[in-house]
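Colleague: Just a sequence and a predicted model for now, questions to come.
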Amino acid sequence: MRKLLFILFTSILLISCGSKTEKKKGFEYNRTQKEAPVKNIAAGKTAIDLSNKGIGPISSMKFDAKIDDKLVETGAAAFKQKCTACHMAERKLIGPAMKGIYERRNPAWVMNMILNPTEMLQKDPTAISLLKEYNNVMMLNQNLTEDETRAIAEYFRSL
C-alpha cells in the first residue's frame with residue numbers, strides 16, 4: 001500500500017510540475033525593467049526654437065523681472081486641476097515636463113499651446129513634432145481663459 005501511495009504521489013507531482021523545457025503559450029509578462037532609450041534630435045526629439053510664437057491669441061509675452069507669488073499660487077492650483085493628468089512638473093508623463101519649459105519654448109508659444117491646442121497641433125511645426133514624439137496623444141483644450149493661462153505660465157516660471 002505504501003508503495004502504491006508513493007507511486008501515485010510522485011506521478012501526480014511529476015504531472016503537475018511539467019517539463020522545465022516546455023514553453024507555455026499565451027501572454028507572458030517580463031518583469032525586468034529596461035531604461036528608456038535616450039532620444040536626440042536626430043532620433044525624433046523636438047528641436048528648440050525660441051523664435052516660434054505659435055498660433056493663437058498671444059502675439060508676444062514678456063515676464064516681469066520678479067516672480068509674482070500670488071499668480072504662481074493661482075497657476076499651481078489651475079495646473080493641478082487641469083493639467084496633471086498628462087503633465088508633471090519635473091518629468092515626462094503623457095506630455096512633456098514643465099520645468100525649464102522656457103528654455104525650450106517661447107512663452108507666447110506655451111500660452112498659445114494651452115489656449116489653442118487643436119489648431120496648434122494641426123498647423124504649428126513644433127506642436128506637430130511634439131505630437132509625434134509623444135505617440136500622437138493630442139493635448140485637449142481645457143477652455144482656459146487668458147488670465148488662467150497667464151497664471152499657469154507664471155507657475156511654470158517658478159519651477
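Modeller: Alright, I've got the coordinates. Residues are numbered from 1 along each chain as shown.
Colleague: What pLDDT does the model give residue 70?
Modeller: Among the per-residue scores, residue 70 shows a pLDDT of 96.
Colleague: just to confirm, which helix or strand has it in it?
Modeller: helix 69-82 (DSSP states H and E).
Colleague: What is the next helix or strand after that helix packed up against?
Modeller: For helix 69-82, the succeeding helix or strand toward the C-terminus, using DSSP H and E, is helix 101-104. Applying 3 or more Cβ pairs under 8 Å, 6 or more residues apart in numbering; DSSP states H and E, one finds that helix 101-104 makes contact with helix 146-158. (Each C-beta comes from the backbone N, C-alpha and C, glycine too.)
Colleague: at 10 Å instead, please
Modeller: helix 107-115, helix 146-158 (3 or more Cβ pairs under 10 Å, 6 or more residues apart in numbering; DSSP states H and E).
Colleague: Turn those helices into a markdown table, columns for mean pLDDT.
Modeller: Formatted as a markdown table, those follow (pLDDT from 0 to 100):
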| stretch | mean pLDDT |
| --- | --- |
| helix 107-115 | 96 |
| helix 146-158 | 95 |
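Colleague: among those helices, which is the most enclosed?
Modeller: Mean neighbour count (mean count of other Cβ atoms under 10 Å) peaks for helix 107-115 among those, with a mean of 23.
Colleague: Could you verify my assumption that residue 134 touches residue 128?
Modeller: No - contact criterion Cβ atoms under 10 Å: residue 134 and residue 128 do not qualify, at 11.2 Å.
Colleague: neighbours of the residue lying closest to residue 94 once chain neighbours are set aside, just the number please.
Modeller: Among residues not flanking residue 94 along the chain, residue 86 sits closest, at 4.1 Å (Cβ to Cβ, 6 or more residues apart in numbering). Using other Cβ atoms under 10 Å, residue 86 has 14 neighbouring residues.
Colleague: Tell me if I'm right that residue 86 and residue 135 touch.
Modeller: No - Residue 86 sits out of contact with residue 135 when judged by Cβ under 10 Å, with a separation of 12.0 Å.
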